[in-house]
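In: got a sequence here, can you model it:
(one chain, ligands or ions: 2)
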Amino acid sequence: MATQLKNLSDFSATQIPSAAPYKFGIAVAEWNAEITNALYQGAYQSLIANGALPENIFNYAVPGSFELTSGADLLLKNLPDLDAVICLGCVIQGETRHFDFICNAVANGVSNVAIKYAKPVIFGVLTTDNQQQAIDRAGGKHGNKGDEAAITAIKMADMAKTLKG
Ligand SMILES: Nc1c(NC[C@H](O)[C@H](O)[C@H](O)CO)[nH]c(=O)[nH]c1=O
Ligand SMILES: CC(=O)[C@@H](O)COP(=O)(O)O
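Out: Residues are numbered from 1 along each chain as shown. Ligands and ions are numbered 1, 2, ... in the order given. Predicted structure coming up:
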């Protein structure tokens, strides 16, 4: 469903588990910082609003979205108690095909990290044609993708706990 048809911050129709038992890593790309900072604020506030403890949220910056894969891997390798990692970035189309390579690399990369560690790694990366589309999805008219990424992390961490028994 296109984002224009579903607000990224509307979870009124869903049951959200408590985040209190879980530890979260957040890797945030510094490229397009005015956008990614808004994504982080959305994710952090959503985690707290659902019961996460501030001391259980571990935030690290990486230079760009391409480095989110390495960031997620480093977080899970060095903080093995993490229950989920949220990757936040904003890739905006430029004049060249660089956009395509970054978007594909980080989407595939974070998926591979999730499989490597058997831990949820959430793809909270905006991949937009222009800055306005990014603004609209980082706290604008379409909500905040950081909110969506945080709620997804809570749900996946809770699923993992449930399956472990
Ligand atoms: N153009 C954008 C980038 N480019 C930088 C790459 O992510 C990477 O840091 C560089 O290629 C060195 O490995 N990154 C974004 O996050 N967003 C962009 O729009
Ligand atoms: C996504 C990018 O790397 C891009 O913003 C860089 O711009 P350009 O393709 O014009 O070099």
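In: now the closest residue to Q131 other than its chain neighbours: phi and psi?
Out: Of all residues not flanking Q131 in the chain, I92 sits nearest, at 6.0 Å (CB to CB, 6 or more residues apart in numbering). C-beta here means a position set from N, CA and C on the backbone, and glycine is covered the same way. Main-chain torsions, I92, degrees, to the nearest 10: phi -110, psi 130.
In: next: K6.
Out: Given degrees, to the nearest 10, the pair of backbone angles that K6 has is phi -140, psi 110.
In: ok, back up a step: any idea how far the residue nearest to Q131 lies from ligand 2?
Out: Here the distance between I92 and ligand 2 works out to 5 Å (CB to the nearest ligand atom, to the nearest Å).
In: contact partners for that residue?
Out: Contact analysis of I92 by CB atoms under 8 Å, 6 or more residues apart in numbering lists N32, F99, L126, T128, D129, N130, Q131, A134.
In: hey, C-alpha coordinates of stretch 72-79 in PDB?
Out: Written as PDB, here are the backbone C-alpha positions of stretch 72-79 (Å, rounded to 0.1, in the frame of the first residue of the first chain):
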ATOM      1  CA  ALA A  72      24.000  -2.900  12.200                       C
ATOM      2  CA  ASP A  73      26.700  -5.700  12.100                       C
ATOM      3  CA  LEU A  74      28.900  -3.800  14.600                       C
ATOM      4  CA  LEU A  75      26.000  -3.300  16.900                       C
ATOM      5  CA  LEU A  76      24.900  -6.900  17.000                       C
ATOM      6  CA  LYS A  77      28.500  -8.200  17.100                       C
ATOM      7  CA  ASN A  78      29.500  -6.000  20.100                       C
ATOM      8  CA  LEU A  79      26.100  -5.700  21.900                       C
END
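In: flag every buried residue along that stretch.
Out: Buried residues in stretch 72-79, counting neighbours by 16 or more other CB atoms under 10 Å, are found at A72, D73, L74, L75, L76.
In: wait, isn't N59 in contact with Y40?
Out: Yes: here N59 reaches Y40: they are 7.0 Å apart, a contact under CB atoms under 8 Å.
In: thank you kindly, that will do.
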